[in-house]
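In: Sharing a sequence plus its predicted fold:
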Number of protein chains: 2
Amino acid sequence: MIDVKTAQDLVLKHSSVSSKILEVDLKDSLDFVLAEDVVSKIDMPPFRQSAMDGYALQISGAINYNVIGEIKAGDNNNPMLNIGEAVRIFTGAPVPDTANAVIMQEKVQVQGSKIITQMPLAMEMNIRPIGEQIKVGDIALTKGTAIKGAHIGFLAGLGVTKVAIYDKPSIAIVVTGNELKAPGNVLSFGEIYESNGAMLTAVLNELGYKKTSVIAVKDDYDSTKKTLKETIGNHDVVIISGGISVGDYDFVGKALNDIEVEEVFYKVKQKPGKPLFFGKKDTVSIFGLPGNPAAALSCFYIYVYPLLKKSEGALNTQLLSISLPLLTDYTAKGDRAQFLKARMHGAGVEILDGQSSAMVRAFGDANALVFLPEDCMQIRKGQKVKTILLPSK
Amino acid sequence: MIDVKTAQDLVLKHSSVSSKILEVDLKDSLDFVLAEDVVSKIDMPPFRQSAMDGYALQISGAINYNVIGEIKAGDNNNPMLNIGEAVRIFTGAPVPDTANAVIMQEKVQVQGSKIITQMPLAMEMNIRPIGEQIKVGDIALTKGTAIKGAHIGFLAGLGVTKVAIYDKPSIAIVVTGNELKAPGNVLSFGEIYESNGAMLTAVLNELGYKKTSVIAVKDDYDSTKKTLKETIGNHDVVIISGGISVGDYDFVGKALNDIEVEEVFYKVKQKPGKPLFFGKKDTVSIFGLPGNPAAALSCFYIYVYPLLKKSEGALNTQLLSISLPLLTDYTAKGDRAQFLKARMHGAGVEILDGQSSAMVRAFGDANALVFLPEDCMQIRKGQKVKTILLPSK
């Protein structure tokens, strides 16, 4: 049984970046990853820009300036100022080439067509220089950046309209188990409602993965093999929920073997999620997640998430983790590393009740997972723990 | 000029929960807020469920048990066990009423049709009791919960197929400024590219607000008034980007006044975002955000986000904030409270370079905003600061 770090490394080692690159409108690029550096075609700002409502002037030794005109944002006049002359100017407007300072309006006294400055002037004060934010030819955003709203604002400000992005993987969620009934039906004795398909679809959609499908198979060998073969043939990533175990009725393991899926690892020394399977068939990645919903979701964030991020070209493949003090003592049972549903608040992190693999309810209250390595089962209040931040909106 | 806390309180006080409630399929409820408590119609698990692959048995004093049958997940047989009898059982399968323990398969020795237990037995071991997660009639999720993927998994597991949610607000982004040109065109002297419309749309979409539109107005009084009046008439929230200032060419302030928008506040003692405006016209909320992109985005997260969350019925209206040690010394200038683009990593938070209101680039690198109150301008490394977590995926 391998440890968490080895398993995480193996997943990344066996995943590859999509070869499909698309050019899309900037507005459609949200949540995608840049497949090329974006180089600025302009200086930003493109002209010396007033940072204030006030007066642009050519500094003289005196405190009196003659106001000879006015420039609003969007105006394109560039009046010639002599020493001792000023123009009324507004935030965002182009500062005349012949002006060397802007004084804010609250710092002058107006007397007819003259102003009297009420503070010392400094060269280039309140003027944003050309290219202060970025210069023509500079890299605005690098390949591998996952595009957020702020990036779209930044690129739009540079006049960018199209970007090259990596395509996202198509993902199949295969749900197995004779005990599973679709919600909306009445349960017979021994049955439970299938929920991992809906849950993983929602979690994938939350993260911006829209090419998802849920495929249900019955627990018999022939249909399992046929469905898995077809599904692996049609998708980039296949997530199998439930069914991989040493149980006598595990058709999934046998079927994967017979359709020549290469096992990269099976079983990880962790809780929850010990029976995690990861395999490859050509370029397709296949995960076997535990059937218990909370265990499946933990494994998703720790192993599937990084593979998806890598496959869509992201430089940053991991959820953010920070080190936070535990808010109460905690003792873990057993000898496996643990991922615990947790809630950050105040100045630290609290491990939630309801850690059972079957209980997904605590995941709804969680905003983080706390990772306890296998040699670290007893933690005191105030001791720092690795805290993995779950996606949030 | 009011302070940040007063401004935040005024925004929430003047916002109201949507009266429009929709019933949607559970799978379509992601990112919406529950408008009613969801009550469980079943016990979960609905039967005594085996937590292991192993043997269900009726405990006797001895260590030998006769295996009289087998139960897989999904089977609905309920064999009658006498003392000293066992059945082979698999994870998730219903435990017979007459069994009072499950022993895992690794802890028995199999001899023909007998097993010999290798560990002490305890009553109800490895059996998940009926209703362990939730009982019929209990509240599964409360009204006001913002629905995440884990919640969808939890509710699907209870057989829920429909939920009542609050409708989301329709949001207009009005961009003002004669200096603004749409990306894709060539800039003349004095012009810059309009980017706040694209940025705010993307940020709203990231958060799950899809009913957005961008409306551009020219800087003249008549068109400003006409456009604002129409826009306020057709939307729940109007975000005006740029244009509210004491500048001589501020048509927005005049127009808002003339169409009888009630000013709740104008100007907040903060950096960036001092010239923030908030007003109401009947039930419509109107924000005037600074034109500088980074200032606009800070104000969005601190003031607009809570209003949107409240209007869609969320109990939790604020971004998560935690207290983190600063990773390097920092000295702020001025006497206003500050929101600083920052990055959490390691065991703390670092304030990023590029805090200028005009520079949105640092927002792309930021995963948090650090809030420094106005009486706290000099912070030493290790001192704890309020860290507001930005949405992340």
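Out: Cool, the structure landed.
In: dump the residue contacts of the residue nearest to A:F278 when sequence neighbours are not counted.
Out: Among residues not flanking A:F278 along the chain, A:V264 sits closest, at 4.8 Å (C-beta to C-beta, 6 or more residues apart in numbering or on different chains). For every residue, glycine as well, the C-beta is placed using N, CA and C. By C-beta atoms under 8 Å, 6 or more residues apart in numbering or on different chains, A:V264 lies in contact with A:L10, A:V11, A:H14, A:F278, A:G279, A:K280.
In: how about the fourth one, secondary structure?
Out: Applying DSSP: H, G, I helix; E, B strand; the rest coil to A:F278 yields a three-state assignment of strand.
In: what stretches of the stretch 101-250 of chain A score poorly on pLDDT?
Out: Along the stretch 101-250 of chain A, segments meeting pLDDT under 70 span A:243, A:245-249.
In: related to what we said a few turns ago, so the residue nearest to A:F278 belongs to a strand, correct?
Out: Yes - with three-state DSSP as the criterion, A:V264 is part of a strand.
In: any chance of the contacts of A:V264 in TSV, with pLDDT, neighbour count and distance to A:V349 too?
Out: Written out in TSV, the entries for the contacts of A:V264 read as follows (pLDDT from 0 to 100; neighbours: other C-beta atoms under 10 Å in any protein chain shown; distance: C-beta to C-beta, whole Å):
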residue	pLDDT	neighbour count	distance to A:V349
A:L10	98	16	28
A:V11	98	23	25
A:H14	96	17	32
A:F278	97	24	28
A:G279	97	23	34
A:K280	98	16	35
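In: Closest one to chain B out of those, please.
Out: Looking at the contacts of A:V264 and their distance to chain B, the nearest is A:V11, at 18.9 Å (C-beta to the nearest C-beta).
In: and chain A, what are its domains?
Out: Chain A resolves into domains spanning A:4-19+A:168-311, A:21-43+A:132-166, A:49-128, A:321-388 when parsed by automatic domain parsing.
In: right, so of these, which gets closest to B:N292?
Out: Evaluated with C-beta to C-beta, those place domain A:49-128 nearest to B:N292, the distance being 8.5 Å.
In: and the end-to-end length of the closest one?
Out: Across domain A:49-128, the straight-line distance between its terminal residues is 5 Å, by C-alpha to C-alpha, to the nearest Å.
In: Can you lay out the domains of chain A as a markdown table showing distance to B:F371?
Out: Below are these laid out as a markdown table (distance: least, C-beta to C-beta, whole Å):
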| stretch | distance to B:F371 |
| --- | --- |
| domain A:4-19+A:168-311 | 27 |
| domain A:21-43+A:132-166 | 18 |
| domain A:49-128 | 24 |
| domain A:321-388 | 14 |
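In: how about those domains, which one is nearest B:N66?
Out: Among those, domain A:4-19+A:168-311 comes nearest to B:N66, with 18.7 Å by C-beta to C-beta.
In: Report the distance from that closest one to the chain centre.
Out: Here domain A:4-19+A:168-311 is found 22 Å from its chain centre; the criterion is C-alpha atoms, centre = their mean, to the nearest Å.
In: Pull the number of nearby residues for the closest residue to chain B within the stretch 1-150 of chain A.
Out: Proximity of the stretch 1-150 of chain A to chain B (C-beta to the nearest C-beta) peaks at A:G74, 3.0 Å away. For A:G74, the neighbour count with other C-beta atoms under 10 Å in any protein chain shown is 21.
In: ok, and the closest non-adjacent residue to it?
Out: Ranked by C-beta to C-beta, 6+ apart and with sequence neighbours excluded, the top spatial neighbour of A:G74 is B:N178, at 3.0 Å.
In: State the distance from the one you found to B:A296.
Out: 18 Å (C-beta to C-beta, to the nearest Å).
In: who has more neighbours, those two?
Out: For the pair B:N178 and B:A296, the greater number of neighbours falls to B:A296 (28 against 18), based on other C-beta under 10 Å.
In: Tell me which stretches of the stretch 201-350 of chain A form strands.
Out: Here the stretch 201-350 of chain A has its strands, by DSSP state E, counting those that start in this stretch, at A:212-217, A:237-241, A:262-266, A:270-271, A:277-281, A:284-289, A:321-325, A:330-331, A:337-345, A:348-351.
In: wait, which of those is closest to A:R380?
Out: Here strand A:330-331 is closest among the strands of the stretch 201-350 of chain A (C-beta to C-beta), at 8.5 Å.
In: Which strands or helices does the closest one pack on?
Out: Applying 3 or more C-beta pairs under 8 Å, 6 or more residues apart in numbering or on different chains; DSSP states H and E, one finds that strand A:330-331 makes contact with strand A:378-379.
In: ok now do A:S311, which residues does it touch?
Out: Shown here is A:S311, whose contacts under the criterion C-beta under 8 Å, 6+ apart are A:S15, A:S16, A:V17, A:S18, A:P169, A:D236, A:V237, A:S285.
In: Now for these: which two are most distant?
Out: Taking C-beta to C-beta, no two of the contacts of A:S311 sit farther apart than A:V17 and A:V237, at 13.3 Å.
In: quick one: which of those two has more around it?
Out: The residue with more neighbours, out of A:V17 and A:V237 and counting by other C-beta under 10 Å, is A:V237; that gives 23 against 15.
In: The more buried one touches A:I171, doesn't it?
Out: Yes - A:V237 lies in contact with A:I171 (C-beta atoms under 8 Å); the separation is 4.7 Å.
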